[in-house]
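Asks: just coords:
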């Protein structure tokens, strides 16, 4: 029984901490807290399978909420561009290591730029390693630079007019921009439109 207690509370504590990320939104808050309370009731009844299932559900809702909050950091379209609807998603730890993200695509004629902000993903640690060693950044054609005081790796192919920018923010978020049929200045312009100061504090 002691071992089971440890397992349940190992799940419960991170969920309760995760509630601190919630902003106003009664429907979300009620559904999350209801799931946690339901898990506690199942636990008291000795139904550990249902208790774990309820905690899994609450955990997924918290990740979705955080993903929705990240949407606010995706910039408005630059002059002459149009933006598609924002998409956010949250994956559990068992799905490619987990993580949350918010994504938006911008278009202008045949040009397109997609911005994605990712948190709680194994991909973040890989990019931190790249930034720690400039040789990694340049190994496959990338160049290390700074955009709005943030270290960035730019890979741009003038012949195809496509490229990618990766930026690690406060070692917590990975900002990725991918452009097709774009000039490099447009790609950098979108990278510069993100409010990194606010993202650091989020």
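Replies: Arrived safely, thanks for sending. What you see is a predicted model; the values in this text were computed from it and never measured. Numbering: from 1, shown residues only.
Asks: CA only for contacts and neighbour counts going forward, please
Replies: OK.
Asks: so who does the closest residue in space to residue 111 that isn't next to it in sequence touch?
Replies: Closest residue in space to residue 111, ignoring its immediate chain neighbours: residue 181 at 4.7 Å, by CA to CA, 6 or more residues apart in numbering. Counting by CA atoms under 8 Å, 6 or more residues apart in numbering, residue 181 makes contact with 110-112, 160-162.
Asks: repeat that for residue 69.
Replies: Per CA under 8 Å, 6+ apart, neighbours of residue 69: none.
Asks: state the distance from it to residue 45.
Replies: 35 Å (CA to CA, to the nearest Å).
Asks: next, count neighbours for residue 129.
Replies: 12 (other CA atoms under 10 Å).
Asks: for the strand or helix carrying it, list every residue counted as buried.
Replies: Assigned by DSSP states H and E, residue 129 belongs to helix 122-132. By 16 or more other CA atoms under 10 Å, the buried positions in helix 122-132 come out as 123-124, 127-128, 130-131.
Asks: what's the closest non-adjacent residue to the residue most central in space within the chain?
Replies: Nearest residue to the geometric centre of the chain (CA atoms, centre = their mean): residue 118, 2.3 Å. Using CA to CA, 6+ apart and skipping residues adjacent in sequence, the residue nearest residue 118 is residue 101, 4.3 Å away.
Asks: could you grab the helix/strand/coil label for the one you found?
Replies: Secondary structure for residue 101, judged by DSSP: H, G, I helix; E, B strand; the rest coil, is strand.
Asks: circling back to that earlier point, which one of the buried residues of helix 122-132 is nearest to residue 201?
Replies: Closest approach to residue 201 among those (CA to CA): residue 124, at 17.4 Å.
Asks: list the contacts for the closest one?
Replies: Counting by CA under 8 Å, 6+ apart, residue 124 touches 118, 168, 171-174.
Asks: try it again at 6 Å.
Replies: Going by CA atoms under 6 Å, 6 or more residues apart in numbering, residue 124 touches residue 174.
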